[in-house]
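[1] The sequence and its predicted three-dimensional model are supplied below.
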Amino acid sequence: MALISIDNASIGYEGKTVLSGISLKIREKDYICIVGENGSGKTTLMKCMLGLIQPLSGKITYGEGLKQNEIGYLPQQTVFQKDFPACVSEVVMSGCLNKKHTLFYSKEQKEKAEKNMELTGIYSMRKKCFRELSGGQQQRAMLARALCATSKLLILDEPVTGLDPKASSDMYALIKNLNENGITIVMVSHDITAAVNNASKILHLSRDSYFFGTAHQYLHSDIGKKFMITGCPCDDCQHRHNS
Amino acid sequence: MIDMLAEMFTYNFIVRAFVVGTLVSLCAALLGVTLVLKRYSMIGDGLSHVGFGALAIAASLNLAPLEVAVPVIVIAAFLLLRLSENSKINGDAAIAIISSTSLAIGVVCVSISGVNTDLNSYLFGSILATTNADAVMCAVLAVVVIVIYVLFYNKIFAVTFDETFSKATGLKTNAYNSVIALLTALTIVIGMRIMGTLLISALIIFPALSSMGVCKKFRSVIICSGVLSVCCFFIGMCASYSLDTPTGASVVIINAIVFAVFRITETVYSRVKKS
């Protein structure tokens, strides 16, 4: 049984199909990167997984006892969050709201938020205003919020967009660490090189087909060879390349 | 000064206006922060015009004004929120259409039926002319709005800050958006009696904008906005009494002055900090 099973689904928006006949299973502890050109349906597929929109046909089911309110999500930042007057801990705490239907935050929820702020390294900034943080710090606050909402599955929408190289490599390390601690990761990304280096599986969407397999298989596939600038670093390939 | 205040509060109608006005200012300030941050500032304006249409129809049919206005504005609020979610119709265009149409209907109604109610009192408010029954109803509605807002505070924050995240992680965002729409509608209805349909949006937008610039926490923005709004109302009311100016307009002018002072201080402060 998988956390999310996608069964012969067609997805699209406003009646237009962007991707059809896709089937795959997301298993526990997977680290999946979804890559592909603009308009290939990465974000739409992700929204289907989150239950924000329904697939046009086919089925997307949750398994392993996963419920919709147990998925953590790191969306792309909207323009008006940049000047939103709220402090970091208020933002992180709001991730706790999906579990218990209490009106105010419990002590348990506050501790969870504190733990996640420590984990993502923003605890010392918890009283600062969100809009005064750097891009990397904002993303880490958003990640802490997503962690408050889940302990199983994180769906990340281009988490390093707009970050400087140092901040993005920190972000990748943080995500890798979460994955090693048992959280399943699904990430939409434009950065194929980083995706191949970090993820265990790659889902590459293109207009008429898709590829789903391990990062290694991807590098050996036709579609992967076309998109990667550097070849596969495995011994076999390096050997062939050099000789 | 103190003599003037003491004299003011010997009049029953002023005490009544003061109580209702304070409650309404508080409601408007709370909702204002959410509406401004959700980019819905103009919804308040649109709804008040709908309210004017409803009041005019009620007056020409000889119905109780508030009993007609409340349901009409609540329905309009839901419609407007739905329209702004629907990407096919542009949100602010929808507001403009609805508000000017209802304003036109209102004016035509008033002129056809030839009611001798003063059009001005709808457009610019008539806080000093509120009857006891009106005042009680306004006060009750205002308390309801404040209590619901406080109870749902955390959820309202979540929906305001990031609706997509909230929805994706299983919060019933549609339900909370409806709560916000309902509270906005109620605030507009009661605010209209005091500030009038043309000025109520000032009460919603000014305190929120003034406090958003200086506060770093959402909670302090809410509190600051509430305090500012009540203070501005009080000062505006006193000014209107001593200078014999219209109450609603005076309150708006005080709000505008406070906003300007806050913005200037903020700019100067950040310049000084930088250099």
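    Structure's in. What do you need?
[2] what does chain B put close to chain A?
    B:37, B:39, B:151-155, B:157-158, B:161-162, B:164-171, B:212, B:215-219, B:221 (C-beta under 8 Å from any C-beta of the partner chain). Quick note: C-beta positions are derived from backbone N, CA and C, even for glycine.
[3] For A:Ile155, give me phi and psi.
    Dihedral angles of A:Ile155 (phi, psi; degrees, to the nearest 10) stand at phi -110, psi 120.
[4] I'd say it and A:Gly72 touch.
    Yes - in this structure A:Ile155 lies within contact range of A:Gly72 using C-beta atoms under 8 Å: 7.1 Å.
[5] ok, of the residues of chain B next to chain A, which come out buried?
    Buried by 16 or more other C-beta atoms under 10 Å in any protein chain shown: B:37, B:152-155, B:157-158, B:161-162, B:164-171, B:212, B:215-218, B:221, out of the residues of chain B next to chain A.
[6] Of the residues of chain B next to chain A, which belong to strands?
    Among those, no member falls in strands (criterion: DSSP state E).
[7] what number of residues lie near residue 14?
    Just going to use chain A. By the criterion of other C-beta atoms under 10 Å in any protein chain shown, A:Glu14 has 6 neighbours.
[8] Can you look at chain B instead?
    Based on other C-beta under 10 Å, the number of other residues close to B:Ile14 is 19.
[9] isn't it right next to B:Leu5, touching?
    No - at 10.3 Å, B:Ile14 does not count as touching B:Leu5 under the criterion of C-beta under 8 Å.
[10] Which residues outside stretch B:151-166 are in contact with it?
    A:52, A:73, A:75, A:78, A:81, A:84, A:86, A:90-91, A:93-95, A:97-98, A:103-105, A:145-146, B:34, B:37-38, B:149, B:171, B:173, B:176-177, B:179-180, B:218, B:222 (C-beta atoms under 8 Å, 6 or more residues apart in numbering or on different chains).
[11] Same check on stretch A:125-132?
    Residues contacting stretch A:125-132 (C-beta under 8 Å, 6+ apart): A:81-92, A:114, A:117, A:133, A:137-138, A:141, B:216-217.
[12] Counting only strands, which of the residues you listed make the cut?
    Assignment to strands by DSSP E places none of the contacts of stretch A:125-132 there.
[13] List buried members of those by neighbour count.
    Buried among the contacts of stretch A:125-132 (16+ other C-beta under 10 Å): A:81, A:84-92, A:114, A:117, A:133, A:137-138, A:141, B:216-217.
[14] Near whichever residue of chain A sits closest to chain B, how many other residues are there?
    Chain A approaches chain B most closely through A:Asn69 (2.8 Å), counting by C-beta to the nearest C-beta. The number of residues packed around A:Asn69, counting by other C-beta under 10 Å, is 15.
[15] Grab the nearest non-local neighbour of it.
    B:Gly170 (2.8 Å; C-beta to C-beta, 6 or more residues apart in numbering or on different chains).
[16] Got the confidence number for that neighbour?
    Listed pLDDT for B:Gly170 reads 83.
[17] so what's the backbone phi/psi at the residue in the stretch 151-275 of chain B that chain A sits nearest to?
    Relative to chain A, the nearest point of the stretch 151-275 of chain B is B:Gly170 (2.8 Å; C-beta to the nearest C-beta). Main-chain dihedrals, B:Gly170, degrees, to the nearest 10: phi 100, psi 10.
[18] Tell me who's in contact with residue 188.
    No chain in the question, so chain A it is. A:33-34, A:42-43, A:46, A:156-158.
[19] To clarify, I was referring to chain B.
    Neighbours of B:Ile188 in contact, by C-beta under 8 Å, 6+ apart: B:44, B:47-48, B:51, B:73, B:77, B:200.
[20] Widest-spaced pair of those residues?
    For the contacts of B:Ile188, the farthest-apart pair by C-beta to C-beta is B:Ala77 and B:Ile200; their separation is 13.4 Å.
[21] In terms of neighbours, single out the busier of those two.
    Set B:Ala77 next to B:Ile200 and count neighbours by other C-beta under 10 Å: B:Ile200 wins out with 29 against 26.
[22] Please give me every residue in contact with that one.
    B:28, B:44-45, B:48, B:188, B:191-192.
[23] now swap in A:Asp7 and tell me
    Contacts of A:Asp7 by C-beta under 8 Å, 6+ apart are A:23, A:58-61.
[24] Tell me where the model's unsure across chain A.
    Along chain A, the model assigns pLDDT under 70 to residues A:1, A:100-101, A:229-243.
[25] What is the burial count for the nearest residue to A:Ile202 once chain neighbours are set aside?
    Leaving aside its sequence neighbours, A:Ile202 sits nearest to A:Tyr218 (C-beta to C-beta, 6+ apart; 4.2 Å). Neighbour count of A:Tyr218, defined by other C-beta under 10 Å: 26.
[26] Compute the distance between A:Tyr218 and A:Val196, please.
    7 Å (C-beta to C-beta, to the nearest Å).
[27] shared neighbours, those two?
    A:Ile202.
[28] where does B:Thr10 land in three-state SS?
    For B:Thr10, the assignment made with DSSP: H, G, I helix; E, B strand; the rest coil gives coil.
[29] Could you do A:Ile202 as well?
    Counting by three-state DSSP, the backbone at A:Ile202 sits in strand.
[30] got the residues of chain A near chain B?
    So chain A meets chain B at A:50-52, A:67-73, A:75, A:78, A:80-81, A:84-87, A:90-91, A:93-95, A:97-98, A:103-105, A:127-129, A:132, A:145-146, A:149-150, A:155 (C-beta under 8 Å from any C-beta).
[31] if I read this right, A:Met49 contacts A:Ile60, doesn't it?
    Yes - the pair A:Met49 and A:Ile60 qualifies as a contact (C-beta under 8 Å) at a distance of 6.5 Å.
[32] more neighbours, these two?
    A:Met49 (24 against 18).
[33] OK, contacts around that one?
    Residues in contact with A:Met49 (C-beta under 8 Å, 6+ apart) are A:4, A:6, A:26, A:60, A:71, A:155, A:186.
[34] now these as a markdown table including secondary structure?
    What follows is the contacts of A:Met49, written out as a markdown table (three-state DSSP):
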| residue | secondary structure |
| --- | --- |
| A:Ile4 | strand |
| A:Ile6 | strand |
| A:Ile26 | strand |
| A:Ile60 | strand |
| A:Ile71 | strand |
| A:Ile155 | strand |
| A:Val186 | strand |
